[in-house]
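Chemist: my questions are about this predicted structure, shown below with the sequence.
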Amino acid sequence: QGLKTPTIAHKAIANLVKCGFIKVIITTNFDRLMETALLEYGIIPTVISNIDNLKGAVPIVHSQCTIIKVHGDYMDTRIKNTISELETYDMEINNLLDKVLDEFGLITCGWSAEWDIALRACFERCKSHRFSTYWTSIGEPSLKAKDLINVRKAQVIKIKGADELFQDL
């Protein structure tokens with residue numbers, strides 16, 4: 001039915017990757033819409049959705065684009081979806097996220113920060129702020145999001161939606 005196709009935002013992000021502006025994508029989504037959009041732009045990303053992928057992954061510095069799917073991939077039965085599953089990540093995944101949060105700027109979009117306990121912990125652990133963080137929000141950020149905004153010293157940007165944001169970028 002064509003209902004599960006990349007959005008304008010997915011395609012705009014893929015274009016930003018192609019132009020060299022985005023190198024790492026951290027997502028809580030299980031789907032493969034981002035991968036599909038990147039393939040449409042001729043980009044084959046390194047995808048890390050579990051510890052096995054991480055062990056065999058090309059280092060971020062050598063990949064045109066790395067997608068870190070912190071909750072897994074829908075084709076893998078080990079996805080994280082319940083509160084208890086979202087409380088922790090494997091140590092190696094934590095180390096990777098710590099490195100990314102330390103070494104890259106960040107744009108958040110569509111993340112409430114409510115349920116992802118382990119991902120929130122990664123943000124809270126990161127003490128460096130060498131690159132900017134932009135927290136986009138359609139409405140008022142949640143209280144947990146506001147805590148992370150303060151921790152990251154993020155600039156809040158009000159948006160109409162992801163499509164408009166990434167297309168404008």
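Modeler: Nice, thanks for sending it over.

Chemist: what distance do you get for the residue nearest in space to the middle of the chain to K160?
Modeler: Nearest to the mean C-alpha position of the chain, by C-alpha atoms, centre = their mean, lies I26 at 2.0 Å. From I26 across to K160, the span is 23 Å (C-beta to C-beta, to the nearest Å). From N, CA and C alone the C-beta is placed, and that goes for glycine too.

Chemist: any idea which helix or strand comes after the helix or strand hosting A14?
Modeler: Using DSSP states H and E, A14 sits within helix 8-18. Later in the chain than helix 8-18, the nearest helix or strand by DSSP H and E is strand 24-27.

Chemist: helices or strands up against that next one?
Modeler: Strand 24-27 is packed against strand 66-69, helix 91-103, with contacts defined by 3 or more C-beta pairs under 8 Å, 6 or more residues apart in numbering; DSSP states H and E.

Chemist: which other helices and strands contact the shortest one?
Modeler: Contact analysis of strand 66-69 by 3+ C-beta pairs under 8 Å, 6+ apart lists strand 24-27, helix 33-40, strand 46-48, helix 91-103 as its packing neighbours.

Chemist: go with 6 Å
Modeler: Strand 66-69 is packed against strand 24-27, strand 46-48, with contacts defined by 3 or more C-beta pairs under 6 Å, 6 or more residues apart in numbering; DSSP states H and E.

Chemist: got these as a markdown table, with distance to W111 columns?
Modeler: Output for the helices and strands packed on strand 66-69, formatted as a markdown table (distance: least, C-beta to C-beta, whole Å):
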| stretch | distance to W111 |
| --- | --- |
| strand 24-27 | 9 |
| strand 46-48 | 18 |
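
Chemist: so can I have CSV of those showing distance to S112 and mean pLDDT?
Modeler: Shown next, in CSV, are these (distance: least, C-beta to C-beta, whole Å; pLDDT from 0 to 100):
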stretch, distance to S112, mean pLDDT
strand 24-27, 14, 97
strand 46-48, 23, 97
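
Chemist: show me the one of those that comes nearest H62.
Modeler: strand 46-48 (8.7 Å; C-beta to C-beta).

Chemist: direction included, what does the closest one pair against?
Modeler: Paired neighbours of strand 46-48 in the sheet (DSSP bridges): strand 66-69 (parallel).

Chemist: would you mind measuring from the nearest residue to K18 once chain neighbours are set aside to R120?
Modeler: Using C-beta to C-beta, 6 or more residues apart in numbering and skipping the chain neighbours, the partner closest in space to K18 is Y41 (4.8 Å). Using C-beta to C-beta, we find Y41 at a distance of 31 Å from R120.
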